Every structure is written in structure tokens, then in C-alpha cells.
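Participant: Below: sequence and its predicted model.
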Amino acid sequence: MKKTWTRYAATALAVFALGAGIRGWEGLAQGTAQLPPELNNAYIRDLAAKARAEGGVINTYGMPNDWANYGEIFAEFQRLFGIRQQDIDMGSAVVLARMREEKASKNDIADLKPAFAMKLAEEGLTLPYRVTSWVAIPQSQKGEGKDSSTWYAGYKGTLGWIVNTRLVKKVPKTWRELENAEYKGLIQYQDPRATGTGVATIMTASYALSGDPYGKAGVDYFARLHKLGVIGAVEPKVTTAKFERGEVGILINYDYNLLAWKERFPFPTEVVIPQDGSLANGGGIIAARNAPHPNTAKLFLEFLFSKYGQGLFAKAFVSPVRPDVELPKEVAAKFPPKSAYAKVKFVDYQKEEAASETLQKYYAETIR
């Protein structure tokens with residue numbers, strides 16, 4: 001990471017020196033770029049100064065560049081405030097375990113499923129900080145736990161899959177259609193033992209097949225898929241490498257990732273929201289209670305939950321959690337039709353939390 005940053009900084013310095021002079025680059029590095037109007041106030045400027053005094057770095061868990069438009073989000077955060085990101089990519093279950101082990105003292109910010117964000121807040125391991133836009137966030141997408149520890153959902157998405165139509169001639173439209181030997185070795189999903197997306201995948205299948213997202217039907221269903229031999233990969237973190245190489249042809253994930261990948265892939269694909277049912281889920285965002293850069297963590301939360309920050313989610317097919325921020329028309333037009341979302345249900349975070357551990361254990365015992 002440091003070597004990459006050094007090369008980037010050297011190149012950028014040369015470009016800015018030629019185009020705008022050294023003074024312009026120094027201003028950018030110090031985070032003195034013109035702020036959006038809603039962030040251009042005394043409180044944010046003071047918080048930004050305190051954040052830069054902490055070292056100009058924000059340590060994150062589970063927020064890689066290719067997830068939920070974080071690449072652009074953190075690039076813009078750096079442009080505005082002169083603070084660069086250092087991320088360790090990991091799934092929600094790993095984030096939860098690591099923050100507990102470290103007593104929330106090594107990272108500043110993390111992305112993990114809301115049920116786990118709620119757990120960390122209940123254990124007093126998240127920063128007791130309400131953003132200034134707190135009232136604009138829906139009541140069900142935020143909360144407080146022990147000692148005023150807060151949790152947030154920053155964005156939302158719906159489970160589905162993307163299909164490489166060169167490899168897969170008959171595009172499956174339902175979960176039941178995946179139970180077909182024709183798809184031998186072609187399906188990839190995320191490991192529910194290590195990722196929130198994996199747990200959500202199991203619960204979504206359970207909802208579609210039984211009507212109960214929190215029961216065992218989803219695990220039993222994936223056990224059948226494994227037995228059929230249609231599963232080609234179970235991944236502990238987000239990766240499209242096997243899909244891009246043509247080793248798998250059906251990749252299960254959230255619609256915001258699927259649609260962004262569709263834009264990027266040089267081969268024909270189709271994004272499917274399963275017609276027999278799917279779950280919508282939020283993306284949890286928390287700041288660590290004992291963050292090494294607490295003011296930086298607060299500043300990032302303010303940035304992310306402003307209309308401006310939420311709009312950066314919206315640019316990349318990610319539905320903002322704030323209802324007063326809409327997807328740009330050109331982005332919304334690329335989504336599956338509204339009818340595709342007719343059987344979508346929003347997950348209940350508390351029920352999800354209560355069921356997750358049992359389902360993970362049952363999965364580990366059933367699918368080996």
C-alpha cells in the first residue's frame with residue numbers, strides 16, 4: 001500500500017506541478033479543496049483540521065475499492081480533506097471478531113452487515129457519535145447501544161446474480177432454477193461463515209423457498225446445490241476473478257455490485273433479481289470506539305452521511321439510505337425494471353442477528 005501510494009503521489013505531484021503549480025498541489029494535500037456547500041461550515045472545517053492533525057490517514061476494515069463505490073468515495077474524501085485510506089479487506093464476520101479481539105482500537109471505520117454493527121454497538125465497541133444529519137437517516141437504519149455507542153446503515157441493496165450469457169445460455173430467473181445440473185460448476189457465492197453477504201444469500205434463498213428468511217431452508221437448499229455439483233466457488237471475500245476468467249458463470253451478490261460489474265465486464269452479462277423472492281439489506285457503517293484517529297472517523301461519517309456523500313453511493317448503483325437522496329436518472333435507467341423487485345422484502349436486522357449464528361453453525365455442519 002505504501003509503495004503504491006508513493007508511486008501515485010510522485011506521479012500526481014508531477015502532473016499538478018506542470019498544470020497548476022506546486023501551490024495547487026500543496027493545497028490539495030492539506031485538504032483545502034473547495035468543500036460542497038453543506039460541508040462548508042465551521043464545524044466541519046474545525047473537525048477536518050483536527051483530523052489532519054491525527055496523521056492524514058483513515059484505517060478501514062472491509063471497505064475495498066471495488067465494493068459499494070468505496071474507491072471513488074475515499075478518493076473524494078482524500079481530495080477534499082487530504083486524508084488517505086488504508087483498508088484491510090475482510091468479511092463481516094471477520095470484522096466483528098477482529099474488532100472484539102482488538103477492543104476496537106486498530107481501525108477507525110468499518111463496513112459490515114447491520115446485524116453485526118448493532119452487536120458492536122450493544123457491546124460498547126463503537127464510537128458514541130451522532131452525525132449532524134442524524135434526523136435525515138430512517139429510524140430503522142440507525143441506533144445506539146451501550147454507553148451511547150452508535151451504528152448506522154449507510155446504503156442498501158437487493159440480492160440477485162449476474163450471468164455470463166456466453167457461458168450460460170439459459171439464464172436462471174429463480175432460485176429454484178439454479179437446481180439444474182446444466183449449471184455444473186458455474187455458480188459462485190460468498191461464504192456465510194465469513195461474510196455478511198454470505199449469510200444474506202442463505203437467508204434470501206430461505207425466504208424465496210419457504211417464506212421464512214431466518215429458518216434452515218436456505219442451508220438445506222445450498223447443500224442440494226453442492227451435492228448437484230453446480231457450485232464452482234465459495235469465496236471468503238468479494239472477488240470477480242473467476243467470473244472474469246470464465247471459470248464460473250453465475251455470481252450471487254447485491255444488485256449495486258452486479259450492476260457496477262456489468263458496466264465493467266467486456267463480455268455480455270445479465271443481472272437477475274430472482275422472481276421467486278429476494279431480500280433487501282443495508283450496509284452497516286460504524287466507527288471504532290477506541291479508533292486511533294477518532295476525529296478522522298467522525299469526519300468520514302459526516303462526509304458519508306451528507307447528501308454529497310450519499311450521492312457518491314448513488315453514482316454507482318448503490319441505493320443511499322437517506323430517502324432525500326435519489327439515484328441519478330441515468331443510473332436508475334440501468335436497473336432491472338421495478339417489477340423485478342415485486343417480491344423483495346427488507347430484512348429485519350434483529351431477527352437476522354438472532355438467527356445468524358445458528359445458521360452459520362448449521363451451514364458448517366451441513367456443507368463441508
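Facilitator: Received it, and whenever you're ready, just let me know what you need.

Participant: Where does the closest residue to residue 127 other than its chain neighbours sit: helix, strand or coil?
Facilitator: Leaving aside its chain neighbours, residue 127 sits nearest to residue 287 (3.8 Å; criterion: C-beta to C-beta, 6 or more residues apart in numbering). Backbone N, C-alpha and C define where each C-beta goes, glycine included. Following DSSP: H, G, I helix; E, B strand; the rest coil, we place residue 287 in the strand state.

Participant: and residue 287, what is it in contact with?
Facilitator: By C-beta atoms under 8 Å, 6 or more residues apart in numbering, the residues touching residue 287 are 108, 109, 126, 127, 129, 150, 294, 297, 298, 300, 301.

Participant: switch to 6 Å and redo it
Facilitator: Listed by C-beta atoms under 6 Å, 6 or more residues apart in numbering, the contact set of residue 287 reads 109, 127, 297, 301.

Participant: Just the closest of the residues you listed to residue 218, please.
Facilitator: The closest of those to residue 218 turns out to be residue 109 (C-beta to C-beta; 30.1 Å).

Participant: so how many other residues sit close to residue 53?
Facilitator: Using other C-beta atoms under 10 Å, residue 53 has 11 neighbouring residues.

Participant: With residue 247 instead?
Facilitator: 14.

Participant: What's the per-residue pLDDT of it here?
Facilitator: Listed pLDDT for residue 247 reads 98.

Participant: Repeat that for the one 10 residues further on.
Facilitator: The per-residue pLDDT reported for residue 257 equals 91.

Participant: separation between it and residue 85?
Facilitator: To residue 85, residue 257 is 19 Å away according to C-beta to C-beta, to the nearest Å.

Participant: Now do the helices in the stretch 1-150 of the chain.
Facilitator: 2-19, 22-29, 42-52, 70-81, 92-101, 114-122 (DSSP state H, counting those that start in this stretch).

Participant: residues in contact with residue 115?
Facilitator: 349, 352, 353.

Participant: Low-confidence bits of the protein, can you list those?
Facilitator: 1-32 (pLDDT under 70).

Participant: By residue count, tell me the biggest strand in it.
Facilitator: strand 150-164 (DSSP state E).

Participant: what packs against it?
Facilitator: For strand 150-164, the packing partners by 3 or more C-beta pairs under 6 Å, 6 or more residues apart in numbering; DSSP states H and E come out as helix 114-122, strand 142-144, strand 250-254, helix 255-264, strand 269-272, strand 278-287.

Participant: Swap in 7 Å and give it another go.
Facilitator: If contacts are counted by 3 or more C-beta pairs under 7 Å, 6 or more residues apart in numbering; DSSP states H and E, strand 150-164 sits against helix 114-122, strand 142-144, helix 196-210, strand 250-254, helix 255-264, strand 269-272, strand 278-287, strand 319-320.

Participant: for the contacts of residue 287, which one is nearest residue 75?
Facilitator: residue 109 (15.4 Å).

Participant: could you measure that closest one against residue 309, distance?
Facilitator: Taken as C-beta to C-beta, the span from residue 109 to residue 309 is 12 Å.

Participant: what kind of secondary structure is residue 340 in?
Facilitator: At residue 340 the chain is in helix, as set by three-state DSSP.

Participant: Pretty sure it sits against residue 273.
Facilitator: Yes. In this structure, residue 340 is within contact of residue 273 by C-beta atoms under 7 Å, at 4.2 Å.

Participant: Between those two, which is the more surrounded one?
Facilitator: Set residue 340 next to residue 273 and count neighbours by other C-beta under 10 Å: residue 273 wins out with 22 against 19.

Participant: and that one, what is it in contact with?
Facilitator: Going by C-beta atoms under 7 Å, 6 or more residues apart in numbering, residue 273 touches 158, 160, 255, 336, 340, 341.

Participant: try 10 Å this time
Facilitator: Residue 273 makes contact with 158-161, 173, 255, 258, 335-337, 339-344 under the criterion C-beta atoms under 10 Å, 6 or more residues apart in numbering.

Participant: now residue 316
Facilitator: Residues counted as contacts of residue 316 (C-beta under 10 Å, 6+ apart) are 67-73, 155, 256-257, 259-260, 263, 327, 331.

Participant: Of these, just the buried ones, PyMOL syntax please.
Facilitator: In PyMOL, this line selects whichever of those come out buried by 16 or more other C-beta atoms under 10 Å:
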select buried, resi 67+68+69+70+73+155+256+257+259+260+327+331
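
Participant: Now flag whichever of the contacts of residue 316 is closest to residue 54.
Facilitator: residue 73 (19.5 Å).

Participant: Go ahead and confirm that closest one touches residue 320.
Facilitator: No. Residue 73 lies out of contact with residue 320 (C-beta atoms under 10 Å); the separation is 11.8 Å.

Participant: who touches both of the two?
Facilitator: By C-beta under 10 Å, 6+ apart, the residues touching both residue 73 and residue 320 are 154, 304, 309, 312, 313.

Participant: Could you list which of the residues you listed belong to strands?
Facilitator: residue 154.

Participant: give the contact list for residue 355.
Facilitator: 115, 199, 202, 203, 206, 212, 213, 214, 215, 216, 348, 362.

Participant: For burial, what's the neighbour tally of the closest residue to the first one other than its chain neighbours?
Facilitator: Closest residue to residue 115 apart from its sequence neighbours, by C-beta to C-beta, 6+ apart: residue 353 at 3.7 Å. Residue 353: 18 surrounding residues under other C-beta under 10 Å.
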